[in-house]
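Enquirer: I'll drop the sequence and a predicted model, then ask my questions.
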Amino acid sequence: MGNRGLLLLLAVAAGVSVANLYYAQPLAARMAGDLGVLPESIGAPLVATQVGYALGMILLVPLGDSRERRGTIVVTLAAAVPALLAVASARSVPLLTVSCLAVGVASSVPQMILPFAVDLAPPAERGRVVVLVMSGLLTGILLSRTASGALGAVLGWRAVFVCAAVLMALLAGVLRLALPRREPSGTITYGALLRSLAEVTRTQPVLRRRAIVGALGMGSFSVFWSMLSFELARQGYGSATAGLFGVVGVAGIVAGPLAARFATGEHPARLNAAALVAVAVSFGVMWLGATSLLVLGLGVVLLDAGAQASHLTNQTVIFGLAPELRSRLNALYMVAYFAGGALGTAVASVAWSFGEWPAVCATGAAFALLGLLPLAGGARRAGQRRDAQRESPTSTR
């Protein structure tokens, strides 16, 4: 299989494996009813999934800088199988929460795949490779909601996670056969690898700034998707309708080529700023047009396009910092990114309990607008220097 074929396979694998994190979102109201709890009680398992993903980022993804990468990917995929089956069999919110935490940890595979894919391409193609793999990942995020909503409406929410477990077992086998071995550029013990994360964070100011921007963008994204099913249920719609919004959101993936073009240019922060403003505006649209599925759909397109453009820009920038640190840079960025998502989900649950949909929309817009502050701070510190000079690649360990 040539590089192009491998990259396409990796894009599909990223999308299929990341879907595990999002199957529960359109099913949240159905899960609450089945377990006999209030809607806000399901916020804990939803948050646990993203917290687990952040733990996987910090504990497993850095292994790509010190261990053979194909084997790490395959073993982690295999570990997702029992975790998903545990979710399917959970009979209480505490058991569901623990199981979702395990699913999150085992679903860190997409962030192992991304550095693997970047290493297969020359530096000039870095932006396009990031966009290709991330387009697969983002498609998986969005269509996972559609698939789980539709399947959950027919077979029940537990069947969704059984099917996901089977899919992970099959994917692990395919990648074991298709991917080449990829040895790291150096050797380092696991303890030293984890300790080096603090030094990487300290010496990479661009990473720190981009991580904050990414966290707030993901927080805004999660505010909407974690509470959508409750708003639609309030209007009398079921999980299938909530899932259909995932299909609508796929239209936002057109932002990917735009991000690839400008993220490696002179002013990537401008694309971030425009994208975050679009996200904030989308919440205004969805607040004012909450009773219209058409208007909600338009808001979702704007939300997803903005969130994806900002995220892809961040990742393209950090992958240009230091090739020998790519797994660790990605791990640190993604820890912040999904910690922001967990925070957004938690805050959204509180906002819903206080003011339902208007409060949720105000919260989502606030997260997006706060994401502009690190960009403004970076511009002030840089003075009149160009973004390309300010964010030029370094090789600091």
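Expert: That came through, no problem. No experiment lies behind these values; they were computed from the predicted model shown.
Enquirer: can you pull the buried residues of the strand or helix carrying residue 214?
Expert: If you go by DSSP states H and E, residue 214 is part of helix 205-234. Buried residues in helix 205-234, counting neighbours by 16 or more other C-beta atoms under 10 Å, are found at 206-233. All C-beta spots, glycine's among them, are computed from the backbone N, C-alpha and C.
Enquirer: Check stretch 140-156 too.
Expert: Here stretch 140-156 shows 140-153 as buried, counting by 16+ other C-beta under 10 Å.
Enquirer: Show me the residues you listed that map onto helices.
Expert: Counted as lying in helices by DSSP state H, out of those, are 140-153.
Enquirer: which residues touch residue 79?
Expert: Each residue near residue 79 by C-beta atoms under 8 Å, 6 or more residues apart in numbering is listed here: 105, 106.
Enquirer: For whichever helix or strand comes after the helix holding residue 214, give me every contacting residue.
Expert: On the C-terminal side of helix 205-234, the nearest following helix or strand under DSSP H and E is helix 239-249. Here helix 239-249 makes contact (C-beta under 8 Å, 6+ apart) with 25-27, 29-30, 141-150, 152-153, 157, 228-229, 232, 293, 296-297, 300-301, 303-304.
Enquirer: what mean pLDDT would you report for the helix or strand harbouring residue 373?
Expert: Per DSSP H and E: residue 373 is located in helix 372-382. Helix 372-382 comes out with an average pLDDT of 71.
Enquirer: now do stretch 137-144
Expert: On average, stretch 137-144 scores 81.
Enquirer: Can I get it as CSV, trimmed to CA atoms?
Expert: Coordinates of the C-alpha atoms in stretch 137-144 are reproduced here as CSV (Å, rounded to 0.1, in the frame of the first residue of the first chain):
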residue,chain,number,x,y,z
LEU,A,137,-11.5,12.4,12.5
LEU,A,138,-14.0,15.2,12.4
THR,A,139,-16.2,13.3,10.1
GLY,A,140,-16.2,10.5,12.6
ILE,A,141,-17.1,12.9,15.4
LEU,A,142,-20.1,14.2,13.5
LEU,A,143,-21.4,11.0,11.9
SER,A,144,-21.0,9.1,15.2
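Enquirer: which residues does the residue nearest to the spatial centre of the chain contact?
Expert: Nearest to the mean C-alpha position of the chain, by C-alpha atoms, centre = their mean, lies residue 338 at 6.5 Å. By C-beta under 8 Å, 6+ apart, the contact set of residue 338 is 50, 51, 53, 54, 57, 218.
Enquirer: Give the full set of residues in contact with the last one.
Expert: Meaning residue 218. Contacts of residue 218 (C-beta under 8 Å, 6+ apart): 307, 311, 337, 338, 340, 341, 344.
Enquirer: distance of the residue lying closest to the first one once chain neighbours are set aside from residue 278?
Expert: Same thing as residue 307. In space, residue 307 comes closest to residue 221 once its chain neighbours are excluded; the distance is 4.5 Å by C-beta to C-beta, 6 or more residues apart in numbering. The spacing between residue 221 and residue 278, counted by C-beta to C-beta, to the nearest Å, is 12 Å.
Enquirer: Now do the shared contacts for these two.
Expert: With C-beta under 8 Å, 6+ apart as the test, residue 221 and residue 278 both reach residue 303.
Enquirer: Quick one: distance of the helix holding residue 214 to the chain centre.
Expert: 9 Å (C-alpha atoms, centre = their mean, to the nearest Å).
Enquirer: What of stretch 221-237?
Expert: Counting by C-alpha atoms, centre = their mean, stretch 221-237 comes out at 19 Å from the chain centroid.
Enquirer: repeat for stretch 352-364
Expert: Computed by C-alpha atoms, centre = their mean, the chain-centroid distance of stretch 352-364 equals 22 Å.
Enquirer: same check, this time on stretch 76-96
Expert: 20 Å.
Enquirer: My read is that residue 364 contacts residue 228, right?
Expert: No - taking contacts as C-beta atoms under 8 Å, residue 364 lies outside contact range of residue 228: 10.8 Å.
Enquirer: So for the host helix or strand of residue 8, what gets flagged as buried?
Expert: Element membership of residue 8 [criterion: DSSP H and E] is helix 3-18. The neighbour-count check on helix 3-18 (16+ other C-beta under 10 Å) flags 6, 7, 9, 10, 11, 12, 13, 14, 15, 16, 17, 18 as buried.
Enquirer: Now name the helix or strand holding the residue nearest to the fifth one when sequence neighbours are not counted.
Expert: Yep, that's residue 11 we're talking about. Excluding the flanking residues, the one nearest residue 11 by C-beta to C-beta, 6+ apart is residue 136, at 3.0 Å. Here residue 136 sits within helix 126-155, counting by DSSP H and E.
Enquirer: what does the helix or strand that comes right after that helix rub up against?
Expert: Later in the chain than helix 126-155, the nearest helix or strand by DSSP H and E is helix 157-178. Residues outside helix 157-178 that contact it (C-beta under 8 Å, 6+ apart): 1, 6, 9, 13, 16-17, 19-20, 23-24, 27, 30-31, 34, 70, 73-74, 77-78, 80-82, 84-85, 87-89, 147-148, 151-152, 239.
Enquirer: Of those, which count as buried by neighbour count?
Expert: 6, 9, 13, 16-17, 19-20, 23-24, 27, 30-31, 70, 73-74, 77-78, 80-81, 84-85, 87-88, 147-148, 151-152, 239.
Enquirer: Low-confidence ranges, the stretch 1-150 of the chain, go.
Expert: 1-2, 39, 123 (pLDDT under 70).
Enquirer: what's the answer for the stretch 251-397 of the chain, then?
Expert: Within the stretch 251-397 of the chain, the stretches with pLDDT under 70 are 251-266, 377-397.
Enquirer: how about 80 then?
Expert: For the stretch 251-397 of the chain, applying pLDDT under 80 flags the ranges 251-268, 319-320, 323-324, 338, 376-397.
Enquirer: can you give me the strands for it?
Expert: For the stretch 251-397 of the chain, applying DSSP state E, counting those that start in this stretch gives no strands.
Enquirer: Now do the longest helix along the chain against helix 205-234, angle only.
Expert: Longest helix in the chain, counting residues (DSSP H): helix 326-370. Orientation of helix 326-370 against helix 205-234 (axes from the mean of the first three to the mean of the last three C-alpha atoms, to 10 degrees) gives an angle of 60 degrees.
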